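Trainee: Return atomic coordinates for the entry below.
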Amino acid sequence: MNVIPQAVRDAFLKAIGPIARAFIRAGISPNVTTTLGALVVIAGAVAFGMGYIRLGGTLILASGLLDLVDGQVARSGGSSTKFGAFYDSTLDRLGEAAVFTGIALWFVHGGVPRARLPLAVVMCMAALASSMLVSYTRARAEGLGLEAKVGIAQRAERVLVLGASTLFFGAGKQGVLLFWIVIILAASTTITVAQRVIHVARQTADPGGRAANMRRDTLPGHAAAFRKGH
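Mentor: From the prediction side, this is the model:
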């Protein structure tokens with residue numbers, strides 16, 4: 001289940017096509033675009049931490065746009081590489097860590113009433129952890145030759161919920177809106193992780209009910225790297 005319909009996603013990708021083509025003509029590589037997007041999202045995290053909530057939301061949305069553009073540039077320009085995909089995914093995780101850290105810092109420095117502070121910080125940590133797991137479950141499934149592009153809170157949904165809400169409405173009185181946005185993100189990403197686990201479990205079960213015979217690494221996601229000496 002995808003909250004944003006595929007038709008809407010496709011229409012938006014078509015709309016940003018001219019931007020991607022302009023980047024290609026200018027010779028701007030996908031990795032440069034990825035780096036720029038990461039810098040923008042880190043700037044957004046700093047804005048959140050300093051209490052400039054609307055600016056933070058604007059920058060989060062801008063980083064999401066750049067994330068889409070770099071994918072379009074890579075595909076349309078024929079410059080997709082394995083390293084580019086790895087680099088993009090790594091900086092996406094860095095950006096999410098920065099954003100939730102920035103929000104947590106704002107909560108700590110008076111963004112929410114003191115009575116609500118412990119829960120607010122815990123929810124930031126939960127939202128960050130579950131967002132990382134959303135990405136990990138997909139990456140691990142694809143590493144096993146499976147597909148896991150399901151869930152109610154994929155990256156596009158997370159960027160839209162956080163960015164658009166704070167851009168238009170700020171943090172709300174005594175931070176109540178941002179507080180609830182973080183709770184919603186923590187809950188929805190946790191649900192998404194569960195959806196992906198169930199989705200992969202169904203793919204790995206054969207029609208007779210026996211689990212597919214797939215080798216499991218002792219350290220999931222790392223054993224191959226250790227065997228190669230990295």
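Trainee: where does this structure dip in pLDDT?
Mentor: 1-2, 206-230 (pLDDT under 70).
Trainee: try 50 this time
Mentor: Residue ranges of the chain with pLDDT under 50: 208-212, 215-230.
Trainee: At the geometric centre of it, which residue sits there?
Mentor: In the chain, the centroid-proximal residue (C-alpha atoms, centre = their mean) is R155; its distance is 3.8 Å.
Trainee: Can you get me a residue count around the residue lying closest to L94 once chain neighbours are set aside?
Mentor: Leaving aside its sequence neighbours, L94 sits nearest to A38 (C-beta to C-beta, 6 or more residues apart in numbering; 6.3 Å). Every residue, glycine included, has its C-beta placed from N, CA and C. Around A38 there are 21 other residues, counting by other C-beta atoms under 10 Å.
Trainee: Report the secondary structure state of A38.
Mentor: Using DSSP: H, G, I helix; E, B strand; the rest coil, the structure places A38 in helix.
Trainee: May I have the residues that are in contact with the residue nearest to the centre of the chain?
Mentor: R155 makes contacts with 64, 67, 92, 134-135, as judged by C-beta atoms under 8 Å, 6 or more residues apart in numbering.
Trainee: what do you get if the cut-off is 7 Å, keeping everything else the same?
Mentor: D92 (C-beta atoms under 7 Å, 6 or more residues apart in numbering).
Trainee: cool, and G95?
Mentor: 38, 41-42, 63.
Trainee: All the helices of the chain, in order from the start?
Mentor: Using DSSP state H, the helices of the chain run over residues 6-15, 17-25, 30-49, 53-76, 82-106, 117-143, 155-169, 176-203, 223-227.
Trainee: Redo those helices as JSON lines? Include distance to K149.
Mentor: Listed next are those as JSON lines, based on distance: least, C-beta to C-beta, whole Å:
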{"stretch": "helix 6-15", "distance to K149": "11"}
{"stretch": "helix 17-25", "distance to K149": "21"}
{"stretch": "helix 30-49", "distance to K149": "20"}
{"stretch": "helix 53-76", "distance to K149": "14"}
{"stretch": "helix 82-106", "distance to K149": "14"}
{"stretch": "helix 117-143", "distance to K149": "7"}
{"stretch": "helix 155-169", "distance to K149": "11"}
{"stretch": "helix 176-203", "distance to K149": "9"}
{"stretch": "helix 223-227", "distance to K149": "22"}
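Trainee: roughly how far apart are the closest residue to T33 other than its chain neighbours and L167?
Mentor: Residue nearest to T33 in three dimensions, not counting chain neighbours: D70, with 3.7 Å by C-beta to C-beta, 6+ apart. Noted for D70: a distance of 22 Å to L167, by C-beta to C-beta, to the nearest Å.
Trainee: Between the two, which has more neighbouring residues?
Mentor: Neighbour count, other C-beta under 10 Å: between D70 and L167, D70 has more, with 27 against 17.
Trainee: Wait, that one touches V32, no?
Mentor: No - taking C-beta atoms under 7 Å as the definition, D70 is not a contact partner of V32, at 8.4 Å.
Trainee: Distance check, V161 against F169.
Mentor: V161 is 12 Å from F169, by C-beta to C-beta.
Trainee: That should have said L94, apologies.
Mentor: From L94 across to F169, the span is 27 Å (C-beta to C-beta).
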